[in-house]
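Participant: Need coordinates for the following:
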Amino acid sequence: MILLIHGDDIIKVEKKFSELLDKNTPKIEFDLKKNTLEEIFDSLHADTLFSEKKIITLRNLKSLHHTKRKKLFEKIKEFKNDEFTNIILTEFSTLDKKLTTLADADILYTYELPKYFFQYLDCLFPQNNNMAHNLLQKLKSTNDGEQLFYATVNRTRTLLLFKTKNPQDFDDINKMSSFFKSKLQVQSAKWTDNKLTEFYAALFEIELGLKTSTLPLSVAEHLDMTLFKHLK
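Facilitator: Got it, this is the predicted structure:
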């Protein structure tokens, strides 16, 4: 059986991936950025040592060149409706319809982030608290508060990296596209070092409260107040 999980809501993608794993079934993991098709094909046809059933997981589908991707799909289609082999394809971004159709999975799971999510992250800078607040309100009705909070923490941490002397020394930045890197450089430049550090420290306090279950209000409400204070 072929199962495809994709979407830019990486928390839900990862959660579904974990749900699909059977602890009693041998699992073989492959990263399509690192492993060759030959390695994957050998594993698909190899006998499993302790059980007839096996799970093959394949991550980073979009990293494959389209010719190799086509070859992969042709091979794994041999295992459609195979009750003894589950192939789980996972991509932490939203695939277009052409690609999901080409994959021809038995079961497709799609988890997209809600509208305004990236617009909210892009507007996190001083003198922009009204827009950040308004977008946060729109997102709160369709999104988990913890996800919004951790996305804010991750964006702020990334902006701090751009404030360092040599941001190019960090793998997270080197992996970015030139367009995204330029956008974050502009966003980071709108902060002073002190104000950005203070904002990150305030988020850290919320995270401590979240992990120790000592927040008097919801995490979304604490985030809202922190945005109002530090983005004014």
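Participant: ok, Leu203 - contacts?
Facilitator: Phe149, Thr152, Val153, Thr156, Thr226 (CB atoms under 8 Å, 6 or more residues apart in numbering). Every C-beta, even on glycine, is put in place using the N, C-alpha and C of the backbone.
Participant: got it, and Arg155?
Facilitator: Leu121, Leu124.
Participant: what about it, which helix or strand?
Facilitator: Assigned by DSSP states H and E, Arg155 belongs to helix 145-162.
Participant: ditto for Thr90
Facilitator: Going by DSSP H and E, Thr90 is in strand 85-91.
Participant: Going by residue numbers, what spans are helices in this protein?
Facilitator: 10-20, 37-45, 66-76, 97-103, 117-122, 129-140, 145-162, 171-174, 178-189, 193-211, 219-230 (DSSP state H).
Participant: what about this structure, any weak spots by pLDDT?
Facilitator: 47-51, 142-144 (pLDDT under 70).
Participant: domain ranges for it?
Facilitator: Domain ranges of the chain: 2-110, 117-230, per automatic domain parsing.
Participant: So what would you say the end-to-end distance of the last one is?
Facilitator: It refers to domain 117-230. End-to-end distance of domain 117-230 (CA to CA, to the nearest Å): 20 Å.
Participant: I'd like the distance from that domain to the chain centre, please.
Facilitator: Taking CA atoms, centre = their mean, to the nearest Å, one finds domain 117-230 lying 16 Å from the centre of the chain it belongs to.
Participant: what number of residues lie near the closest residue to Asp122 other than its chain neighbours?
Facilitator: Nearest residue to Asp122, sequence neighbours excluded (CB to CB, 6 or more residues apart in numbering): Gln187, at 6.7 Å. Under the neighbour criterion other CB atoms under 10 Å, Gln187 is assigned a count of 18.
Participant: which residues does Gln187 contact?
Facilitator: Contacts of Gln187 (CB under 8 Å, 6+ apart): Asp122, Leu124, Phe125, Leu159.
Participant: With only the CA atoms kept, save stretch 130-148 in CSV.
Facilitator: Written as CSV, here are the backbone C-alpha positions of stretch 130-148 (Å, rounded to 0.1, in the frame of the first residue of the first chain):
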residue,chain,number,x,y,z
ASN,A,130,-1.7,46.3,15.1
MET,A,131,-1.2,44.2,12.0
ALA,A,132,0.4,41.4,13.9
HIS,A,133,-2.5,41.5,16.4
ASN,A,134,-5.2,41.5,13.7
LEU,A,135,-3.6,38.6,11.8
LEU,A,136,-3.2,36.6,15.1
GLN,A,137,-6.9,37.1,15.8
LYS,A,138,-7.8,35.7,12.4
LEU,A,139,-5.5,32.7,12.9
LYS,A,140,-6.6,31.9,16.4
SER,A,141,-10.0,30.8,15.1
THR,A,142,-8.6,28.2,12.8
ASN,A,143,-5.2,27.3,14.4
ASP,A,144,-3.8,25.8,17.5
GLY,A,145,-2.3,28.4,19.8
GLU,A,146,0.8,26.3,20.5
GLN,A,147,1.6,26.0,16.8
LEU,A,148,1.4,29.8,16.3
